[in-house]
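K.L.:
Whatever this is, show me its structure:
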Amino acid sequence: MSAAIRAGALAAAAACFALAGAARADEPAAADNVLRVCADPNNMPLSNRAGEGYENRIAELLARDLGWKLEYTWFPQRMGFIRNTLKARDPDQDRFKCDLVMGVPVGYELTLTTPAYYRSTWAMVIPKGKGLDDIRTPDDLLKLDSTRLKSLRFGLVGGTPPTDWLLKNKLIDQAVPVQRQSGDPDAYPGQLIEDELASGRVDVAFAWGPIAGYFAKHAKAPGMSVMPFPPSPDIQFDYKISMGVRFGEKEWRDRIAGLIAREQKEIDAILLSYGVPLLDDRGNLIQAAN
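P.N.:
Here you go, the predicted structure:
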C-alpha cells in the first residue's frame, strides 16, 4: 500500500470514529429510560437530598408519567450549577450527568426552556405580635408612622427586587443584606426567615415567594404573615418559572412540556401545598382549594 493510500485510509478511519463519537454525544436525553434530574441537595422548599422539596415531588410525577426510573445529580444551585450538572459529562459513562433542571426562569440564557409551569413573586414576611399585625400588603408598611418605619430593620438578599423597592421608598439605609451565594454547603436561602427574622435580628424579611411561603409556615417561631408583592410596572417582582434542558434538545424539551401541560393541575396542587404564592395570567393570587 502506498503512503498516500495509507494516509487516506487512516484519515477515513479517523473520520468514522469522529462521526461515531458525535452520534453518541447527540444521543437523546434519557435514552435508557432514566429521568436524570440536576438538583440542589439543600435548597428547601425546592429540593433536597431526602426528596422532600416540591421540585422532587414534581420530578417524581414526571418520572411516573414516563414510566421511568428517577435519578439525581446533586450540586449547590449557585454559580457553576449548569456547567457542573446539565452540561457536564459523566466521566465513567458516555452521557451527560443529568438531563433536566426543574426550575429556571423562562428564557434562561444557559438552557433551552419549557413553557412556564408556575409564576410566583417576591414577598414580605413579618412576625406576628411585634406591633405590625395591621399590615396586610407591602404598601401598608409605608403608611406606618415615620418614626416607627425608620426604626425597622429589613433583611434581604442584595441585588434582588426588594432592594429596588427599598431604594424607591428611601429605606435602603435600614437594609440588612445577607449573602446571595455562600461558600458554605450547609447554607440555604430560608435561613433569612428561619434564623434572622425568627431571632429578631431583622424586623421584616424579603424573600422569593416559595422561600417566604414555606419558611414562614415552618419557622421555629410560629406566627408569620406572608405578603406577596403584586405585579408592578416599575419593579419586576414576579417571574415565570420553567424547566431547562440543553440547547439543541428541542424534542426532549417538547416532551417535558407535554407532561407539564397534562399534569398542570397536580403541579399547582403540589406548589400550593408548600405555601408557594402562585399568580395566574392576570397577576392575581391563586388560592388553594379547600
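K.L.:
Would you mind giving the domain segments of the protein?
P.N.:
For the chain, the domain assignment from automatic domain parsing gives the residue ranges 10-118+238-273, 121-228.
K.L.:
Show the contacting residues for Asn33.
P.N.:
Leu66, Gly67, Trp68, Lys69 (C-beta atoms under 8 Å, 6 or more residues apart in numbering). No exception for glycine: its C-beta is placed from N, CA and C like everyone else's.
K.L.:
In contact with Ala257, which residues?
P.N.:
Thr114, Pro115.
K.L.:
Quick check: which element contains it?
P.N.:
Secondary structure assigned from DSSP states H and E places Ala257 in helix 250-262.
K.L.:
need the contacts of Asn33 in TSV with neighbour count, can you?
P.N.:
Formatted as TSV, the contacts of Asn33 follow (neighbours: other C-beta atoms under 10 Å):
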residue	neighbour count
Leu66	16
Gly67	8
Trp68	15
Lys69	12
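K.L.:
which intervals of this protein have sub-threshold pLDDT?
P.N.:
When residues are selected by pLDDT under 70, those of the chain lie in 1-28, 30, 180-185, 221-222, 289-290.
K.L.:
For it, which segments count as strands?
P.N.:
Per DSSP state E, the chain carries strands over the ranges 34-39, 42-43, 47-48, 69-74, 100-105, 112-113, 118-127, 154-157, 175-178, 204-208, 224-228, 238-245.
K.L.:
and these, which is most packed in?
P.N.:
Burial of those is given as mean neighbour count (mean count of other C-beta atoms under 10 Å); strand 204-208 ranks first at a mean of 26.
K.L.:
show me the contacts for the residue lying closest to Gly53 once chain neighbours are set aside.
P.N.:
Leaving aside its chain neighbours, Gly53 sits nearest to Ser47 (3.9 Å; criterion: C-beta to C-beta, 6 or more residues apart in numbering). By C-beta under 8 Å, 6+ apart, the contact set of Ser47 is Ala39, Asp40, Pro41, Gly53, Glu55, Asn56, Met102.
K.L.:
so which two of those are the farthest from each other?
P.N.:
Maximum pairwise distance among the contacts of Ser47 (C-beta to C-beta): 13.3 Å, between Pro41 and Met102.
K.L.:
For the chain, which segments count as helices?
P.N.:
Secondary structure of the chain (DSSP state H): helices located at 3-25, 54-66, 81-84, 138-141, 146-149, 161-168, 191, 198-199, 209-218, 250-262, 264-273.
K.L.:
Redo the contacts of Asn33 as TSV? Include distance to Gln174.
P.N.:
Output for these, formatted as TSV (distance: C-beta to C-beta, whole Å):
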residue	distance to Gln174
Leu66	49
Gly67	54
Trp68	50
Lys69	50
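K.L.:
Just the closest of those residues to Thr160, please.
P.N.:
Leu66 (35.1 Å).
K.L.:
before we move on, back to that, out of the strands of the chain, nearest to Leu197?
P.N.:
Nearest of the strands of the chain (C-beta to C-beta): strand 204-208, 4.3 Å.
K.L.:
hmm, who's touching the closest one?
P.N.:
Residues outside strand 204-208 that contact it (C-beta under 8 Å, 6+ apart): 120, 122-126, 132, 141, 152-157, 160, 162, 165, 189-190, 192-193, 196-197, 212, 215.
K.L.:
ditto for stretch 75-86
P.N.:
Residues from elsewhere that reach stretch 75-86 (C-beta under 8 Å, 6+ apart): 38-43, 46, 73, 96-101, 110-111, 181, 185, 244-246.
K.L.:
same question, stretch 282-289
P.N.:
Residues outside stretch 282-289 that contact it (C-beta under 8 Å, 6+ apart) are Pro228, Pro230, Pro231, Asp238, Asp268, Ala269, Leu272, Ser273, Pro277, Leu278, Leu279, Asp280.
K.L.:
Please indicate which of the residues you listed are buried?
P.N.:
Neighbour counting over those (16 or more other C-beta atoms under 10 Å) leaves Pro228, Asp238, Asp268, Leu272, Pro277, Leu278, Leu279 as the buried ones.
K.L.:
burial measure for the nearest residue to Asp140 once chain neighbours are set aside, as a count.
P.N.:
Once flanking residues are discounted, Asp140 sits nearest to Asp134: 7.2 Å by C-beta to C-beta, 6+ apart. Asp134 has 8 neighbours, counted by other C-beta atoms under 10 Å.
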